[in-house]
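**Student:** please find the sequence and the predicted model below.
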Amino acid sequence: MAGKLFNIGRRTSRKDKQDVQSSSDTPDAESQGSSSRFGQGDGDSPNVVNNPAGQIPEDTASTRFSDKSSSIFSRGRTANASSKNSSNMSGARSASGSSKKVFGNTYNDLGKPLRVVTNSEPFGTLSTVLEEKSKADFAKENSARAAMTSTHERETSSLPERAANSCQQELFHLETNLMELMDDVHQNVLNISKAIILAIEFFKDFLSSGRVVVVPNISSENSSNLRNISKIVFHFLDNLLVSDGFSNSRSILLKRYVQFLKKLNIDPMAEREPGSNTLPYLMNFCIDENHTLPNTSRLTKLMEEILKTDSSIISDQTGAFIAPIRRGLCQRASVLSIVFGIPNLQQEHYEMIKVLYSMYPDVHLYLTKDSIKPCAKVQSPLNSSKFQEGIHGDQLSQTALNDSFGAGFSPPYRIAENPLSPPISMSISTMDSSQMTGTLGGYVFPQIDKTSKFSAFSGASFAITSAHVLLTESQDYQDVSVPSSVLQKAYLATILKESKKYPENSQERMAFVKEAQKIKEQLKWHKENKFGQIVWGERSMVNQKLSDISIIKVNPTYKCENHIGNNAKFISDPTLRFQNNYVKKKIMKIKAGLKVFKIGASSNYTSGQVNGTRLVYWADGKLQSSEFVVASPSPLFAAAGDSGSWILAKSEDQLGLGVVGMLHSYDGANQQFGLFTPIDDILERLHDVTGVHWDIEPELD
């Protein structure tokens, strides 16, 4: 899919052939382009402009496609590298002669060295100095001295500017060496083992250099050098060193990169949870409004163009996806990245990454074995390790053994404090389902006038969840259970199986039997007091968007309010209490980077941020796209069984919560992305189908 979408392997146009012919007629074009690119002429360092104190020069390096891409002419840019390692590499390649043969044509190195004065030259050939000077000459000399004095004062007063320039020069040299190294890898001049050794040496040279004066507030937003260096390191870690045989090399390179960031006063552990003692690792961050990286708008347009591609001319593995994000150890050093999720990775996919590597100079591309899947859970009654937690008789206290309610047991699903007023985000399934289970999203209410033909539904309450959770059975208008009867039956089966490990009439076995009896009573009560009945649902593409909605008419004996409950076990955020656990508004305009959370029946409370660019994936034989959440700070956002849960956000101007959308899918392997349908799309679709306006608040009398 990606190869065709990015136009890889396209037929060469006449203009391309003319460009190739023009390049072959000008063998020194690369060196000329390199000089003009940095504005240096014959200099060895990048052109540095004067900057305000303590600031990084304006970054324009990413406003164009990469001109440092791998090609047969890319060797020319090493003229600007002053590193000893880079010089050794260049010298080794040129030891056989000064001419190069490319595609049968021989190109000779052109140009001559600058003229220098030697001891053998007579001093008489130099210009003589007149002993007598006119008044005009004295005036010119005084003017020149004054200018020199002024220049010295300016240089003395701009030490921060000189420090910024020095830092930029060292970053430039490190970047140049690493880019040259990556070219050699992609052209098979160097193998991975040698390349990683050289890369580590380049970082050691930078760290040991005494000329690097750290500039405050340097980040990937204002330094193209830092972005390009980070991209190369990430390319090593994510694509080239994925084999277990390179685990030691990965660790050493990551260690050097961490030291490199610390030298720039960037904390690589800034995004970790408080008290976390984990080692540094690459994290995914959302594309938001607070971190403006170059090429962000281009990336958004690229994803929009991909979505417009005719699905009939492409094909890919089911669940394959392309996700634009930011990636790095921390947000200050993160770079724009494109994740290619492939369920079954092949060598051809890694070759594709090599081809796409130079598409943008500072956009990282990497592969992961992953796919987009619906979030519903297919439960196996006796094979879930989750049900084994907290049910071992030898670990129960005497109080728990004597408690007729089995207080020592902890069911793996939420139980409402008041069964007739269940909060949102509880588990849900059809009454007779044996496998499929999900999450109750929330409650919606039709806004019906009593004079309308639908007046019979005035004041009725409806629950909402994903259609694939409830519409997998053949029977229509099924009864629904909250909590999920699937999870209750699976828990009961596990309890009974575990009880048989203990002797008859033992205290441990009696505790298990009491817990099993309690579950049976709950199942009987829910069957007699049905939560509701499915009245409508669909899972289809509507206006190039996935509509995965099912609504349940709730039994009038139940009280329906959009609140998340007060169970601290399932809600770890201490601020979500009292009035702050009621959903009071709809968030129609979703800002990029909005902090959100969800409470799923499987993974409970998790948080993340809304990504600014939509994800594109292949499902049901066509391209689809969706808004999605990137997990933060924990690398987990969704799991199987969370489908249907509402994506919520705290209100900034008042107590209460706002609903952003409803979760329908996730990336099954890494569980870092949560795909959702915005709440305004859901309510609009319900209006289109029923002709009635819907809201999250009951209609006022």
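**Tutor:** Perfect, I can see it now.
**Student:** end-to-end on stretch 310-327?
**Tutor:** 30 Å (Cα to Cα, to the nearest Å).
**Student:** which element follows the longest helix along the chain toward the C-terminus?
**Tutor:** Identified as the longest helix of the chain according to DSSP state H is helix 159-186. As assigned by DSSP states H and E, the chain's next helix or strand after helix 159-186 is helix 192-208.
**Student:** contacts for that following helix next, please.
**Tutor:** Helix 192-208 is contacted from outside by 83-85, 89, 170, 174, 177-178, 181-182, 184-185, 190, 212, 232-233, 236, 240-241, 246, 249, 252-253, 256-257, 259-260, 263, using Cβ atoms under 8 Å, 6 or more residues apart in numbering. Every C-beta, even on glycine, is put in place using the N, C-alpha and C of the backbone.
**Student:** change it to 7 Å
**Tutor:** 83, 85, 170, 174, 177-178, 181, 184-185, 212, 236, 240-241, 249, 252-253, 256-257, 259-260, 263 (Cβ atoms under 7 Å, 6 or more residues apart in numbering).
**Student:** repeat for stretch 235-247
**Tutor:** Everything outside stretch 235-247 that qualifies as a contact, by Cβ under 7 Å, 6+ apart, is 182, 192, 196, 199, 249-250, 253-254, 282, 350, 353, 364, 366-367.
**Student:** try it again with 10 Å
**Tutor:** Here stretch 235-247 makes contact (Cβ atoms under 10 Å, 6 or more residues apart in numbering) with 178, 181-182, 185-186, 192-193, 195-196, 199, 248-251, 253-254, 257, 281-282, 327, 337, 339, 345, 349-350, 353-354, 357, 364-369.
**Student:** pull out the buried positions in the helix or strand encompassing Tyr666.
**Tutor:** Using DSSP H and E, the element containing Tyr666 is strand 657-667. By neighbour count on 16 or more other Cβ atoms under 10 Å, the buried set for strand 657-667 is Leu657, Gly658, Val659, Val660, Gly661, Met662, Leu663, His664, Ser665, Tyr666, Asp667.
**Student:** likewise stretch 671-687?
**Tutor:** 671-679, 681-683, 685-686.
**Student:** okay, now the residue nearest to Phe531 when sequence neighbours are not counted: neighbour count?
**Tutor:** The spatially closest residue to Phe531, leaving aside those adjacent along the chain, is Val482, at 4.6 Å (Cβ to Cβ, 6 or more residues apart in numbering). Val482: 26 surrounding residues under other Cβ atoms under 10 Å.
**Student:** for Val482, list the residues it contacts.
**Tutor:** 413-414, 416, 419, 422-424, 426-429, 440, 463, 465, 526, 530-532, 552, 554, 558.
**Student:** any idea how far Leu623 is from Asn344?
**Tutor:** 19 Å (Cβ to Cβ, to the nearest Å).
**Student:** the two: who's more crowded?
**Tutor:** The neighbour count for Asn344 versus Leu623, taken as other Cβ under 10 Å, is higher for Leu623 (21 against 9).
**Student:** in a helix, that one, correct?
**Tutor:** No - judged by DSSP: H, G, I helix; E, B strand; the rest coil, Leu623 forms no part of a helix; its state is strand.
**Student:** measure it to Asp370 for me?
**Tutor:** Taking Cβ to Cβ, one finds Leu623 at 17 Å from Asp370.
**Student:** tally up the residues packed near Asp620, please.
**Tutor:** 12.
**Student:** got the phi/psi numbers for it?
**Tutor:** Phi and psi for Asp620, reported as degrees, to the nearest 10, are phi 60, psi 30.
**Student:** what are the ranges of the strands in the stretch 301-450 of the chain?
**Tutor:** Secondary structure of the stretch 301-450 of the chain, counting by DSSP state E, counting those that start in this stretch: strands at 321-328, 335-342, 364-369, 372-374, 377-378, 427-430, 436-439, 442-446.
**Student:** surely Glu697 touches Val583?
**Tutor:** Yes - counting by Cβ atoms under 10 Å, Glu697 does reach Val583; the two are 9.1 Å apart.
**Student:** what sits in contact with each of the two?
**Tutor:** Taking Cβ under 10 Å, 6+ apart as the criterion, Glu697 and Val583 both touch Tyr443, Glu561, Asn562.
**Student:** please indicate which of those are buried?
**Tutor:** Among the shared contacts of Glu697 and Val583, those buried by neighbour count (16+ other Cβ under 10 Å) are Tyr443, Asn562.
**Student:** which among the buried residues of strand 657-667 gets closest to Glu289?
**Tutor:** Proximity of the buried residues of strand 657-667 to Glu289 (Cβ to Cβ) peaks at Val660, which lies at 15.8 Å.
**Student:** hang on, the earlier thing: okay if I get the buried residues of stretch 671-687 as TSV plus distance to Arg272?
**Tutor:** Putting those into TSV (distance: Cβ to Cβ, whole Å) gives the following:
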residue	distance to Arg272
Gln671	18
Gln672	16
Phe673	20
Gly674	21
Leu675	26
Phe676	26
Thr677	31
Pro678	31
Ile679	32
Asp681	35
Ile682	35
Leu683	38
Arg685	40
Leu686	41
